[in-house]
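Participant: sequence first, predicted model second:
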Amino acid sequence: MVMTIKGLNIPVNEKPLLSEEPSRPAPMMQKIIRRVPIILALTLVYFAAGKLGLRLAIINPSASSVWPPTGIALAALLILGYDVWPAILIGAFAVNMTTTGSVATSLGIAAGNTLEALLGAYLVCTLAHGRRTFASAEDVLKFAFLGGAVSTTISATLGIASLSAAGFIAPGHRAEVWLTWWLGDLMGAIVVAPCIILWVDRPALKRSLRETVWGGIAAASLLLLGVVLFDNLLPFAFRDYRMAFLCIPLVVWGAFHLRAHEGATLVLALSGIAVWGTLRGFGSFAGSNVNSSLLLLQSFMGAIAMTSLVLSAAIFQRDSDHAALEKAKQELEGKVMQRTTQLQERIEKQKRAETALRDLSSRLLQMQDDERRRIARELHDSTGQELAWLNMSLSRLQTDMQADMQKLSVDTANRVAEALGVVSKVTSELRTMSYLLHPPLLDEMGLSSAIRWFVDGFVERSNIRVSVEIPAEMERFSPDLETAIFRVVQECLTNIHRHSGSATASIRLDRSPDGITLEVADQGKGIPEEKLPSSASAGRTGVGLRGMWERVRQFGGDMEISSRGTGTIVRVVLPVGTGGEVVPERSMGA
């Protein structure tokens, strides 16, 4: 598995890279045998690069300030593994044997170059995450220090020791040769190796046309500036000025618009242009001492390379953090969406349950009203008639007793009179109960007459003065709507009698083109403010108020309960058309 971000193709598989897990000695020899073609190819590449580097050897035939083989060897070990080290040993030996020196010095130099590459690869794999070193600015600095500055001291030291022992270096030139050797290897490690590693791990990403154009402009600008600065193309008046630092802004610009492998390649190309121009005596670093000029140039190119690599790593880290945040954002959005969907499903389920409950409540209220009507009719037509017959029979019995009083005792006459009184009282209470269950006036005379009849009886039973304001011209409504309004008035007056402690109450019924407004008010102790929300909520009220809410909702109306500290007002608004029909499109109250 490979993660590609901002020009870096970074392996993220759990299996360690070959360069990160050195093989044991015995298996390593088997791998070397199996990989002979790769070793031969690498030997040829190393030999060609070495011969090219030694063509720039000035102060000693074996020491060059430009030494690409160090970068090739380090990159090969990090990419292919430690078992390709024979290619470095053979290549370095062949380069030196075909240039100058003896077999002993060539073996010493070859051993130093091989140990340099092995130590550099080991330190980078152990402390800087191997091939993934260019994904972090901190690891880039570790790579430059461990794989470049530290490991290259082995090659320079062993090489100088071998040449000194054979008498190929004068004692007074050892320090200069060592510095040239070390700096050439160092620049090869930090200029050539990153380019090879990043190209091997380059991503297969598509880029936008705009990004391609800006990247091409940045690369062309830097190369053009390099040619101008190091090929004597500056105007004569500016040739004495040191202006190589002008490359730094373009390197920074390129780091933002180029992939990491492209930026490393651009720095390598600029280095080639600068070396070519400096050898010809052009550019900011050209001087009378060619080796010193090359050392200064290599120091400058090392700073340029590190600037590009560190910026690319920083941009990679930024893009990695952005990608991680984007992934976390998408995951969070997915979880939020999933949770939202669950909540919506739960809300819909709750709404369906509430709708079913309201429908059930409406049916129960309708059944309750129908049952009240039936019981009232049974009490009036059956039980009431039987009590009336019993009352008439007792009356005739009393009349007969009075005609023949001497034949009966006084106690018998009193008991008959008492029974007649009880029957009359039961008949009256039964008639009142029947009317309260379903007043006949509601069906016969309408809502206004039924309310006034009920208020008259309520005043007589409770001693609470009630004022009624109902328009005289109010028309008839549907039986169900009139029943609902009557039940609301009945429940309100019952609550006033039980809970308010008020001595007065008022009922006001208004008719408007939009509907009916009912207000029932008292002057009692009111409802505490902290209890008003629960009183105004259908789900947290008592059975009576809940029944009122359901009746109002059944017809798409609104009900509001308010209290001013002293007294309570119940206000009901029901949408009714001009013909007395319920308006169905009116939304139900909360």
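Facilitator: Alright, I've got the coordinates.
Participant: show me where the stretch 1-150 of the chain has helices.
Facilitator: 25-34, 36-54, 69-80, 85-97, 103-127, 137-142 (DSSP state H, counting those that start in this stretch).
Participant: now distance to residue 555 too, for these, in a markdown table please.
Facilitator: C-beta here means a position set from N, CA and C on the backbone, and glycine is covered the same way. As requested, those are arranged in a markdown table below (distance: least, CB to CB, whole Å):
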| stretch | distance to residue 555 |
| --- | --- |
| helix 25-34 | 89 |
| helix 36-54 | 90 |
| helix 69-80 | 82 |
| helix 85-97 | 94 |
| helix 103-127 | 81 |
| helix 137-142 | 73 |
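Participant: wait, which of the ones you listed is closest to residue 341?
Facilitator: helix 137-142 (42.2 Å; CB to CB).
Participant: end to end, how far does stretch 74-85 reach?
Facilitator: One end of stretch 74-85 to the other measures 10 Å (CA to CA, to the nearest Å).
Participant: tell me how many other residues crowd residue 36.
Facilitator: 11 (other CB atoms under 10 Å).
Participant: before we move on, what about residue 66?
Facilitator: Residue 66 - counted by other CB under 10 Å - has 24 other residues nearby.
Participant: least confident of the helices of the stretch 1-150 of the chain, on average?
Facilitator: Of all the helices of the stretch 1-150 of the chain, mean pLDDT reaches its minimum on helix 25-34 (a mean of 66).
Participant: circling back to that earlier point, most packed of the helices of the stretch 1-150 of the chain?
Facilitator: helix 69-80 (a mean of 27; mean count of other CB atoms under 10 Å).
Participant: is it true that residue 524 touches residue 567?
Facilitator: Yes: when contacts are counted by CB atoms under 8 Å, residue 524 is listed as touching residue 567 (6.2 Å).
Participant: now do the shared contacts for these two.
Facilitator: Applying CB atoms under 8 Å, 6 or more residues apart in numbering, one finds that residue 524 and residue 567 are jointly contacted by 500, 502.
Participant: and residue 158, how far is that from residue 321?
Facilitator: Counting by CB to CB, to the nearest Å, the gap from residue 158 to residue 321 is 43 Å.
Participant: and the longest helix anywhere in the chain, how far out from the chain's middle?
Facilitator: Using DSSP state H to define each element, the chain has its longest helix at helix 290-378. Offset of helix 290-378 from its chain centre (CA atoms, centre = their mean, to the nearest Å): 4 Å.
Participant: and it, what other elements does it pack with?
Facilitator: strand 2-5, helix 137-142, helix 174-187, helix 247-257, helix 260-279, helix 410-437, helix 479-495, helix 543-554 (3 or more CB pairs under 8 Å, 6 or more residues apart in numbering; DSSP states H and E).
Participant: tell me which of these sits nearest to residue 96.
Facilitator: Using CB to CB, the nearest of the helices and strands packed on helix 290-378 to residue 96 is helix 174-187, at 12.4 Å.
Participant: so which elements touch the next helix or strand after that closest one?
Facilitator: Downstream of helix 174-187, the first helix or strand assigned by DSSP states H and E is helix 193-200. Under the contact criterion of 3+ CB pairs under 8 Å, 6+ apart, helix 193-200 touches helix 69-80, helix 260-279.
Participant: please redo it, this time with the cut-off set to 10 Å
Facilitator: strand 8-11, helix 69-80, helix 103-127, helix 260-279, helix 290-378 (3 or more CB pairs under 10 Å, 6 or more residues apart in numbering; DSSP states H and E).
Participant: so which of the ones you listed is the most packed in?
Facilitator: helix 69-80 (a mean of 27).
Participant: helices or strands next to that one in the packing?
Facilitator: Helix 69-80 packs on helix 36-54, helix 85-97, helix 103-127, helix 152-166, helix 174-187, helix 193-200, going by 3+ CB pairs under 10 Å, 6+ apart.
Participant: distance from that helix to the middle of the chain?
Facilitator: That offset, for helix 69-80, works out to 43 Å (CA atoms, centre = their mean).
Participant: what angle do it and helix 103-127 make?
Facilitator: Helix 69-80 runs at 50 degrees relative to helix 103-127, counting by axes from the mean of the first three to the mean of the last three CA atoms, to 10 degrees.
Participant: where does pLDDT dip in the stretch 351-500 of the chain?
Facilitator: For the stretch 351-500 of the chain, the stretches flagged by pLDDT under 70 are 362, 365-366, 368-394, 396-416, 420, 423-425, 427-438, 440-441.
Participant: now with 90, please.
Facilitator: Along the stretch 351-500 of the chain, the parts satisfying pLDDT under 90 run over 351-464, 470-500.
Participant: over to the stretch 101-250 of the chain?
Facilitator: Across the stretch 101-250 of the chain, the stretches falling below the confidence threshold (pLDDT under 90) are 101-102, 131, 135-136, 164-173, 201-212, 215, 225-226, 228-248.
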